[in-house]
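Asks: Following is a predicted model, sequence given first.
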Amino acid sequence: MTAERADAGWRLCVAPMMDWTDRHCRYFHRLLAPSARLYTEMVTTGAVLHGDRDRLLGFDPAEHPVALQLGGSEPDELAEAARIGVEWGYDEINLNCGCPSDRVQKGRFGACLMLEPERVRDGLAAMRDAVDVPVTVKTRIGVDDQDSEAFLHRFVEIVAESGVETFIVHARKAWLSGLSPKQNREVPPLDYGRVARLRAAFPGLRIVLNGGVVDVEAALAAMRDFDGVMLGRAAYQNPWILAELQQSIDPALAPADRPSVVTAMASYAAREQAARGVRLQSIGRHMLGLFHGQPGARGWRRGLSQRMHLDGADPTLFDEVLPPVSPAERTRGAAQAG
């Protein structure tokens with residue numbers, strides 16, 4: 001757990017997920033994948049400019065490399081929010097052009113921005129002029145009936161005029177009405193072929209694949225076929241997938257076993273409780289899937305779910321409900337430790 005971290009660029013990324021990828025989640029994911037690129041939940045430019053920045057933007061130094069995802073459409077506001085993000089230490093500023101929720105549409109940002117590529121270009125250009133870290137964009141392959149290959153290529157061509165080189169592409173189109181955000185992550189069909197053809201058409205750009213990657217084999221295939229892969233729900237529901245992928249990227253950086261991660265998270269939780277009064281539930285909820293598919297997983301989930309929200313719950317709970325270590329995991333941990 002003390003191996004020196006190496007930034008692998010965008011080869012392995014964890015997606016920005018509302019209500020999920022807060023600072024505690026990112027710290028947990030960093031323990032599992034020291035070289036992965038982590039993303040905040042989307043933060044609107046208005047919140048960055050006028051809100052509680054410590055709550056919205058604060059993060060632990062261990063989270064690097066970490067990117068701030070912004071939601072907005074006005075170039076001046078995007079530039080100022082990006083500048084503030086860099087002042088807070090973020091390694092990348094990402095613009096959301098993929099979220100289809102009604103709230104986001106009313107703010108004229110998210111997936112509806114795909115219909116205004118010139119506005120996206122101008123916003124990204126302003127952000128690039130304001131900061132000296134990479135500025136990137138996360139998008140879909142289309143919106144509503146504007147879902148042709150020509151539409152996607154034109155969008156990317158215009159947006160790339162901003163100088164942005166990294167496009168994270170969710171391989172589904174977005175329906176701006178008729179589907180909930182959850183349905184928009186599941187109902188529109190995946191089209192990896194279209195993203196592959198996009199990459200072939202724009203060899204000077206970095207294309208990172210997002211959407212529907214749910215296991216190690218699929219993630220490794222995406223790493224071979226694209227410039228990187230971004231995992232969303234799979235990384236949250238079965239977080240050990242990040243450790244397995246880290247093992248394939250650089251075995252020296254992968255954690256030895258799940259119990260060692262639990263021990264590290266208990267130390268982190270104790271610090272957070274002492275320094276900032278963070279409730280154990282705020283941290284433990286991200287760890288529910290750590291033993292997914294392992295003996296004792298149900299007891300781990302039940303033990304945390306029933307007790308971590310109680311007044312006075314402290315990090316010793318993690319050890320109390322820890323499942324027995326399997327022989328295979330014990331062997332792997334011993335091998336890495338040696």
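Replies: It's in.
Asks: where are the low-confidence patches of this protein?
Replies: When residues are selected by pLDDT under 70, those of the chain lie in 1-7, 102-107, 178-179, 184, 326-338.
Asks: cutoff 50 now
Replies: 1-5, 334, 337-338 (pLDDT under 50).
Asks: How is it partitioned into domains?
Replies: With domains defined by automatic domain parsing, the chain comprises 12-252, 258-337.
Asks: Show me the strands in the stretch 151-300 of the chain, by range?
Replies: Taking DSSP state E, counting those that start in this stretch as the criterion, the stretch 151-300 of the chain carries its strands at 166-170, 206-210, 228-231.
Asks: closest to Arg271 out of the ones you listed?
Replies: Of all the strands of the stretch 151-300 of the chain, strand 228-231 sits nearest to Arg271, with 27.0 Å by Cβ to Cβ. In short, each C-beta sits where N, CA and C put it, glycine included.
Asks: which other helices and strands contact that closest one?
Replies: For strand 228-231, the packing partners by 3 or more Cβ pairs under 8 Å, 6 or more residues apart in numbering; DSSP states H and E come out as strand 12-14, strand 206-210, helix 216-225.
Asks: export the strands of the stretch 151-300 of the chain to a markdown table and tack on mean neighbour count?
Replies: Listed next are the strands of the stretch 151-300 of the chain as a markdown table, based on neighbours: other Cβ atoms under 10 Å:
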| stretch | mean neighbour count |
| --- | --- |
| strand 166-170 | 24 |
| strand 206-210 | 23 |
| strand 228-231 | 24 |
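Asks: count of residues packed around the closest residue to Ala235 other than its chain neighbours?
Replies: Computed as Cβ to Cβ, 6 or more residues apart in numbering, the closest residue to Ala235 that is not its neighbour in sequence is Val14, at 5.0 Å. Neighbour count for Val14, taken as other Cβ atoms under 10 Å: 27.
Asks: So Val14 is in contact with Met230, correct?
Replies: Yes. Contact criterion Cβ atoms under 8 Å: Val14 and Met230 qualify, at 7.1 Å.
Asks: just to revisit the earlier point, columns distance to Ala275 on top of the helices and strands packed on strand 228-231, output as JSON lines?
Replies: As requested, these are arranged in JSON lines below (distance: least, Cβ to Cβ, whole Å):
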{"stretch": "strand 12-14", "distance to Ala275": "25"}
{"stretch": "strand 206-210", "distance to Ala275": "34"}
{"stretch": "helix 216-225", "distance to Ala275": "35"}
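Asks: between the ones you listed, which gets nearest to Ala264?
Replies: Distance to Ala264, taken as Cβ to Cβ, is lowest for strand 12-14 among the helices and strands packed on strand 228-231, at 17.4 Å.
Asks: Against which helices or strands is that closest one packed?
Replies: Short answer (3+ Cβ pairs under 8 Å, 6+ apart): strand 12-14 packs on strand 37-39, strand 228-231, helix 240-249.
Asks: strands paired with it, and their directions?
Replies: strand 37-39 (parallel), strand 228-231 (parallel) (DSSP bridges).
Asks: what comes into contact with the first one?
Replies: For strand 37-39, the external contacting residues (Cβ atoms under 8 Å, 6 or more residues apart in numbering) are 7-10, 12-16, 21, 26, 29-30, 63, 65-69, 91-92, 94.
Asks: how far away is the nearest residue to Gly85 once chain neighbours are set aside from Arg83?
Replies: In this structure, Gly85 finds its nearest non-sequential neighbour in Leu68, 4.1 Å apart by Cβ to Cβ, 6+ apart. As judged by Cβ to Cβ, to the nearest Å, Leu68 and Arg83 stand 11 Å apart.
Asks: ok, back up a step: the strands paired with strand 12-14: which one's closest to Gly193?
Replies: Using Cβ to Cβ as the measure, strand 228-231 is the one of those that comes nearest Gly193, at 15.9 Å.
Asks: hmm, who's touching the closest one?
Replies: 9-15, 168, 206, 208-210, 213, 219, 222-223, 241-242.
Asks: how about the CA coordinates for it, as CSV?
Replies: Below are the C-alpha coordinates for strand 228-231, written out as CSV (Å, rounded to 0.1, in the frame of the first residue of the first chain):
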residue,chain,number,x,y,z
GLY,A,228,-8.0,4.4,-22.3
VAL,A,229,-11.1,3.1,-20.6
MET,A,230,-13.4,4.9,-18.1
LEU,A,231,-15.3,2.7,-15.6
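Asks: rewinding a little: deepest in the core, which of the domains of the chain is it.
Replies: With neighbours defined as mean count of other Cβ atoms under 10 Å, these peak in mean count at domain 12-252, which reaches a mean of 19.
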